[in-house]
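Could you work out the structure for the sequence below:
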Amino acid sequence: MSPLPGAQLVRTPLQLYRYLLRCCKLLPSAAVQKHYRHAVRQSFNSHADEDDPERIRMIIQRSISDADWILDKYTKKK
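Reported below is the predicted structural model:
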């Protein structure tokens, strides 16, 4: 299960970036949201020069599954 509807529509790094920032809004506290927004921005900047389509696809899949895990982790704590 993906954290937000539309995860299957993410095809480009920019779409992934926007999707992950929307996922951050679902986190419980402002400090946690800020931490993960920063991590998303850092990862986006560090992979900005990636041009291999297969590698981009793998990054997108892994990022969406990681976002699912993080949101699941914080919702179970409640």
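
just checking, residue 40 touches residue 18?
No: taking Cβ atoms under 8 Å as the definition, residue 40 is not a contact partner of residue 18, at 9.8 Å. Glycine gets a C-beta too; all of them are placed from N, C-alpha and C.

Nearest residue to residue 15 in space, please, no chain neighbours.
residue 9 (7.4 Å; Cβ to Cβ, 6 or more residues apart in numbering).

Let me see the ranges of the helices in this protein.
For the chain, the helices defined by DSSP state H cover 13-24, 30-46, 53-77.

and of those helices, who's closest to residue 5?
Closest of the helices of the chain to residue 5 is helix 13-24, at 10.4 Å (criterion: Cβ to Cβ).

Now the residue nearest the centre of the chain: closest residue in space, sequence neighbours ignored.
The residue lying closest to the centre of the chain (Cα atoms, centre = their mean) is residue 20, at 3.3 Å. Using Cβ to Cβ, 6+ apart and skipping the chain neighbours, the partner closest in space to residue 20 is residue 40 (4.6 Å).

Just give me the neighbour total for the closest residue to residue 50 other than its chain neighbours.
Using Cβ to Cβ, 6+ apart and skipping the chain neighbours, the partner closest in space to residue 50 is residue 56 (5.8 Å). The tally of other residues near residue 56 (other Cβ atoms under 10 Å) stands at 16.

so who does the closest residue to residue 43 other than its chain neighbours touch?
Spatial nearest neighbour of residue 43, excluding adjacent residues (Cβ to Cβ, 6+ apart): residue 63 at 7.6 Å. Contacts for residue 63 (Cβ atoms under 8 Å, 6 or more residues apart in numbering) come out as 16, 20, 43.
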